[in-house]
Structure formats: structure tokens, C-alpha cells
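K.L.:
sequence first, predicted model second:
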Amino acid sequence: MTKSVFALIVMFCFSGASQASDFYGELSANYMMIDALTAKPAPIGAELRLGMYLEQGVGLELFAGSGAASDEDLDIDVDLSYTAGGALRFESPEKDGGKVYFLLGYAVTELDLNRSDTGLPGKEAYDGFSYGGGVEFRMAKSRDVFLGLRVQRYFSGDEVDIDVASLGLRLGF
Amino acid sequence: MNQRRIAQTGLTVAMLFCLSACGGGGEQAFVEAVQVNELNVTEIQIVVPNTVTELNGLESYKASGVVGGDSSNLIDVTSRVRWSTSNSSVASINQAGFLTGRSVGMVDVFARWADLEASAELVVSDALLDSIAIVGMPTSMPVCAYGNKASGEYTLTADGFYVGETVARDISDKVTWASDDDNVATIDLDGVLAAYGDGSVAISASKNRGDGGGLVSTSLNLVVDDTLDSITLTPDSATLTVGSSRQFVATGLYDDASTRDITLTSTWTSSNAGVLAVSDSVGEKGLATGATAGTANIEAICNLSTPVAMASAEVTVNARVVVNDIQINDGTARLTFDIGDSPVDLVAKLLKSDNSIGDTVTELDDTSWRVSDTIEGTAASVSNSGTTKGRVSFSAIGITQIEVRYDDGTLGPFTDTIEIVVE
């Protein structure tokens, strides 16, 4: 968690100095796909992203989210405590109202694990390199409103992977 | 993009990578929770070798998992649990469960797996070994019998009595076991006995006292009875191909009508090692492997019994069947057609070393067709592409030799020819 806070501060500092002209926010529903040996729980979460364009097609964004619904597999209940991070966003030029983009960054995800109703092992955080991408489509011609689908890896471990598939609405301002 | 923004972006990317490189997380807790539930383990228990151990001595700890709450259904989880002690200066333990006494004192030994935990108390003592008692010595053993550590049959243990202590310690894995006559009986590092010949033998257990003051030793006599009547082999005959193997088992029939597996104490030989190789090595006793085609006997002997008990079984070794040739239209040398019969399809099949027919390969990528000779008149043509491979076309009288070639990199190359006569 300390590292994620540090990352956010660093990126805000750069953002403040960039004098970018275009900001955006995104609200998304996240379907988490967790892979831990044979257990594959899939809790649901919600996430808010705020970003700014450093240059045409290159954005810098911060995100934070929390859990909405837990899921149980192999008698282990898994809930999302929170997720946070930052990423560089590389967009393609818009064509017929659509864009593709890629994300490269850092994410921290804290899961609340409850094995067989013991309440243990409890909250465990997973942080590291994060990457992904998505597509989005302009919803209103006169405004920067996009509906998008995103797939992103939040954590890659030796035996645990955390991926997210999300449906989000992004608004430019 | 101006230089300043390029620098900002580059620094941001570098910072993200630096942070990512520091990444990690609570994988172990998650993984252990999954493992525990996969195996349905509800409790773990420590298998305590001794409650008191020697200073600088080694103890082997094991952990068992209770499956589904059934205390009679246990699995070994020694390598899965996290081992620790309450005071590593008194005793330390590695992740394989081997504990070393470091200084005199008392510690708790812990085994933890996910949220499950077991503990056991241990005293590290500098008491000296006073005497040893051998436990489990049989009154007698039949010739060619041997023990089994898992079941405890014909397996000895050693109790150590230490100065000032009233309870014996199990020092079976710390003593040196020995036999004074290996022709009668042997004992291995685990205390497992094996009997070979009629007679009496002294089996001893010895260990250092603990202060460098010499050995403490004890011995007991073991009597081996020559009560073996006969041996049978299973299977009683076998057929192998060259290079394949078969494990044989020798069973001894004793004069009290009991039977016993004596595979490991028998001497195994082959009547013809050029045909059948038979292993008499530890860990491979009774393993027969075909060497070349032929017939040979595998023999098992309890060679110190009187009279020598022996059994044999006949083994037939067949040559390995391999693909070794190809033929066109079942090996026909010449086919005759009228001009109006064109086109005609040829068929190529692989042949095996036992003269049986293998796969049809007419249209395979590894098969190629060509005209190899125009013997007379006008040549016919043969297709070497796609699904028409092997199709011969002709429009004039003549005799043409067609060749097929097969080579898949492992098998081949094999070739065959056929003459096509057009009248």
C-alpha cells in the first residue's frame, strides 16, 4: 500500500507540471478473474479512473476501486478490499467513433480471504506491474463520452494471477 | 512532443517499472488456503519422534494432515507446512522438518499451514547415553525372508536410555546397525532384516555416548531357519519384444505351507544373457529385458538354502516390429492397360518387418511419385500433388517405370517401382 501511495504522489507531481489540456474520468464495473492454483474466484468491483492527456494519444491515469460482491470457490470466500494504481494510456487515433488503447503501469490489489468461514488468512495485498488494453466507442457525437471494454492484468505471481474485465463509461472534460 | 514532456513520460514509465519490480504480495497465504481446501485437511498433527533430544543431535519431524475430520485418514504434509521453533537458539528446524538441538533448554516446535497449526514441546538435553535396547527381534526368521519398514515386519528399533532419565528415547535412526555374518542375515540402515542362510547371527546397534567417550553398543542373536521348500515365479512364462521389460516376482513356499515374497533376497540370472538380460541389482531384482530375438529362462535362486531352492520361467523374446519397406499395389511388378483406361490410381502402402501391411501413404506429404524410366514408346505421367498423388495418365503406347519414395525423417527412405504398360 505504501508503494501505491508513493506512485500516486509521483504521478500527480508529474501531472501538475505537464500543462496538459485534456482531462477525463471513467467509472467502470469490474469482473475480477483470480487464478490461484485450482481456485478461481471472481468477485465484482467498481472502479473510478481520473486521467489527463500528456500529449495526443498518450494519457496518464490514476485509478481506485473497491469490492461490490464477493465470490467463493473451493470454500474460500474472496472479496476485493480495494484496488489502486496508475498507468500510462496509449490510444489509437479515433476511427468511426472507436479507439483501441493499451495500459502500462502499476497496481495494488488487496483481497479479503476467508477460508471455510474461519475469517483467515484475512486481508492480503498483491502489487506489481500491471498491463492491459481495451476498446471504446463514442456515445455522443458532440461530447467526449465513450463506452468501453477493458481487460487488465493487475497482478502476475508465481501461483496467483489477478485479471480484470471491465465495462466502463469514460467522460472527457 | 516537446523534450520536457518526453522526459516526464520517460521518468513516469521508469518510476512505474521500479515500483513494479518491488511488487509481490500475500501469495503464500492464498496458495496455502487453496491447498488445504483442495486436500480437505481439517487439522494438522506433529508426529513427535522424541520429547527429549540430544544437544547437537538431529530429530526428524513429520506432519500429518487429518482429511475430512477423520483422524484415521491421514496424509503426510511434512513438506507443505512451515516449520519453526519458539527459540531458535535452543533448537532450529528446517523446512524439511529436521531439527537440531543447539543448547540445553525447552522449546515449542510449530507446524503451520494456512490457518492450521500444531505444536509439540521438546527438551534439548545434554544427558549422556547409558545403554541401548534392541526392540522387535524375532525368535527366528525363515531363509530368504526379509522385512518391511512400513509394516514393521522383521524391522528392528532401538531404545536409548540416558543418564538421569526414566523414559527411553527412540534412537532407531541414530544407531549403527550391523550383522556379524552377512551370509546368514543382513540389516540395513532402517533396521530392516533380510535372511539368507541357515544359522545364527549377532545383530548389533551402537551409538556414541554423547561426550566423545566411546560407543555404547548392544547385540542380540537372530536364528535363521532353513524351512524353504520351493520357489515359484510370477508370471510363469512371458513374451517380450526386444527392448521391453517385465518384472518377475519370486514367491517362497515354506514347510508350514506359508508363502512369502522373496524377490529381493533371491539371486536372479538368465540362462542366455544374449537373449534375455536379467537384473540382480538392488532396486531392479527380477527385472527381465529382451536383448535379441530368441528364448531364454529367467531363474531365481535362494542360494544359501539347503538344498538350493530354485525356479525358472521361459521367456520368448520377439524381434521388434518396425516399418522397413514400401510397396505399390501390393508389390505388383507390372500393370497393363489400354489407352482408354487412363487415368489409373496407384496405391502405396508401408510394409513391416513381420511382413504385415502398414499404413496407406499414397497421398501423404512424405510420399513422392515420379517417372523413373521410360522403357519403351511414349512415357506415361504420374501426379505428385494433392489428392491426386499416384494417379497415372497416358495417351500413347509405351512402357513407363513409376517410382514411389517415402521418407518422414524417422522412417525411410523406402522406395518401390512398378512398370506401367500401355497397349
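P.N.:
Sure thing, it's come through. Numbers count the residues shown, from 1 in each chain, chains lettered A, B, ... in the order given.
K.L.:
would you pull up the residue in chain A closest to chain B?
P.N.:
Nearest residue of chain A to chain B (C-beta to the nearest C-beta) works out as residue A:128 at 2.4 Å. C-beta coordinates here come from the backbone N, C-alpha and C atoms, glycine included.
K.L.:
that residue contacts residue A:153, doesn't it?
P.N.:
No. Taking C-beta atoms under 8 Å as the definition, residue A:128 is not a contact partner of residue A:153, at 9.4 Å.
K.L.:
who has more neighbours out of those two?
P.N.:
Ranked by neighbour count (other C-beta atoms under 10 Å in any protein chain shown), residue A:128 and residue A:153 place residue A:128 first, with 23 against 17.
K.L.:
if we can go back for a sec, could you identify the helix or strand that succeeds the strand or helix carrying the residue of chain A closest to chain B?
P.N.:
Here residue A:128 sits within strand A:121-138, counting by DSSP states H and E. For strand A:121-138, the following helix or strand on the C-terminal side (DSSP H and E) is strand A:145-156.
K.L.:
next one: that next one to chain centre, how far?
P.N.:
With C-alpha atoms, centre = their mean, to the nearest Å as the basis, strand A:145-156 stands 6 Å off its chain's centre.
K.L.:
likewise stretch B:266-283?
P.N.:
19 Å.
K.L.:
contact partners for residue A:112?
P.N.:
Counting by C-beta atoms under 8 Å, 6 or more residues apart in numbering or on different chains, residue A:112 touches A:67, A:70, A:78, A:79, A:80, A:81, A:122, A:123.
K.L.:
what is the nearest of these to residue B:104?
P.N.:
Closest approach to residue B:104 among the contacts of residue A:112 (C-beta to C-beta): residue A:122, at 38.2 Å.
K.L.:
what sits against the closest one?
P.N.:
A:112, A:113, A:114.
K.L.:
give the buried residues for the helix or strand hosting the second one.
P.N.:
According to DSSP H and E, residue A:113 maps onto strand A:98-115. Along strand A:98-115, these residues count as buried under the neighbour rule (16 or more other C-beta atoms under 10 Å in any protein chain shown): A:99, A:101, A:103-115.
K.L.:
ditto for stretch B:325-334
P.N.:
Across stretch B:325-334, burial judged by 16+ other C-beta under 10 Å covers B:325, B:326, B:327, B:328, B:329.
K.L.:
ok, now stretch A:25-35?
P.N.:
So for stretch A:25-35, counting by 16+ other C-beta under 10 Å, buried means A:26, A:28, A:30, A:31, A:32, A:33, A:34.
K.L.:
so where's the stretch 251-400 of chain B uncertain?
P.N.:
Applying pLDDT under 70 to the stretch 251-400 of chain B flags residues B:305.
K.L.:
where does it get nearest to chain A, residue-wise?
P.N.:
residue B:283 (33.7 Å).
K.L.:
ok, the residue nearest to the spatial centre of chain A - contacts?
P.N.:
Nearest residue to the geometric centre of chain A (C-alpha atoms, centre = their mean): residue A:63, 6.1 Å. By C-beta under 8 Å, 6+ apart, the contact set of residue A:63 is A:47, A:48, A:49, A:50, A:83, A:84, A:85, A:86, A:87, A:107.
K.L.:
show me the contacts for the third one.
P.N.:
Which is residue A:49. By C-beta under 8 Å, 6+ apart, the neighbours of residue A:49 are A:24, A:25, A:26, A:27, A:28, A:61, A:62, A:63, A:168, A:170.
K.L.:
got it, and residue B:46?
P.N.:
Contacts of residue B:46 (C-beta under 8 Å, 6+ apart): B:61, B:62, B:63, B:109, B:111, B:118, B:119, B:120.
K.L.:
for PyMOL, what selects the buried ones among these?
P.N.:
The following PyMOL line selects those of those that are buried, judged by 16+ other C-beta under 10 Å:
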select buried, chain B and resi 61+62+63+109+111+118+120
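K.L.:
now for the contacts of residue B:46, which pair is the farthest apart?
P.N.:
B:62 and B:119 (14.3 Å).
K.L.:
a markdown table for the contacts of residue A:49, including pLDDT and secondary structure?
P.N.:
Below are those laid out as a markdown table (pLDDT from 0 to 100; DSSP: H, G, I helix; E, B strand; the rest coil):
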| residue | pLDDT | secondary structure |
| --- | --- | --- |
| A:24 | 94 | strand |
| A:25 | 96 | strand |
| A:26 | 96 | strand |
| A:27 | 97 | strand |
| A:28 | 97 | strand |
| A:61 | 96 | strand |
| A:62 | 97 | strand |
| A:63 | 97 | strand |
| A:168 | 96 | strand |
| A:170 | 94 | strand |
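K.L.:
for these, give me JSON lines that also has distance to residue B:366.
P.N.:
Converted to JSON lines, the contacts of residue A:49 look like this (distance: C-beta to C-beta, whole Å):
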{"residue": "A:24", "distance to residue B:366": "59"}
{"residue": "A:25", "distance to residue B:366": "62"}
{"residue": "A:26", "distance to residue B:366": "56"}
{"residue": "A:27", "distance to residue B:366": "59"}
{"residue": "A:28", "distance to residue B:366": "54"}
{"residue": "A:61", "distance to residue B:366": "56"}
{"residue": "A:62", "distance to residue B:366": "59"}
{"residue": "A:63", "distance to residue B:366": "56"}
{"residue": "A:168", "distance to residue B:366": "53"}
{"residue": "A:170", "distance to residue B:366": "56"}
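K.L.:
looking at those residues, which is nearest residue B:91?
P.N.:
So of the contacts of residue A:49, ranked by how close each gets to residue B:91 (C-beta to C-beta), first place is residue A:63, at 48.8 Å.
K.L.:
for the closest one, which non-adjacent residue is closest in space?
P.N.:
Using C-beta to C-beta, 6 or more residues apart in numbering or on different chains and skipping the chain neighbours, the partner closest in space to residue A:63 is residue A:49 (4.3 Å).
K.L.:
in a strand, that neighbour, correct?
P.N.:
Yes. Assigned with DSSP: H, G, I helix; E, B strand; the rest coil, residue A:49 falls within a strand.
K.L.:
residue farthest from the centroid of chain A?
P.N.:
Farthest-from-centroid check, chain A (C-alpha atoms, centre = their mean): residue A:118, 29.4 Å.
K.L.:
that one: what secondary structure?
P.N.:
Strictly by three-state DSSP, residue A:118 counts as coil.
K.L.:
these two touch, right, residue B:204 and residue B:158?
P.N.:
No. Using C-beta under 8 Å, residue B:204 makes no contact with residue B:158, being 10.1 Å away.
K.L.:
please identify which of these two sits among more neighbours.
P.N.:
Comparing residue B:204 with residue B:158 by other C-beta under 10 Å, the one with more neighbours is residue B:158, at 24 against 17.
K.L.:
quick one, what contacts the more buried one?
P.N.:
B:132, B:133, B:134, B:135, B:170, B:171, B:172, B:174, B:175, B:191, B:205, B:207.
K.L.:
neighbouring contacts of the helix or strand harbouring residue B:314?
P.N.:
Residue B:314 belongs to strand B:309-318 when assigned by DSSP H and E. With C-beta under 8 Å, 6+ apart as the test, strand B:309-318 has contacts from B:144, B:228-233, B:235-242, B:246, B:248, B:250, B:252, B:271, B:275-276, B:288, B:290-302.
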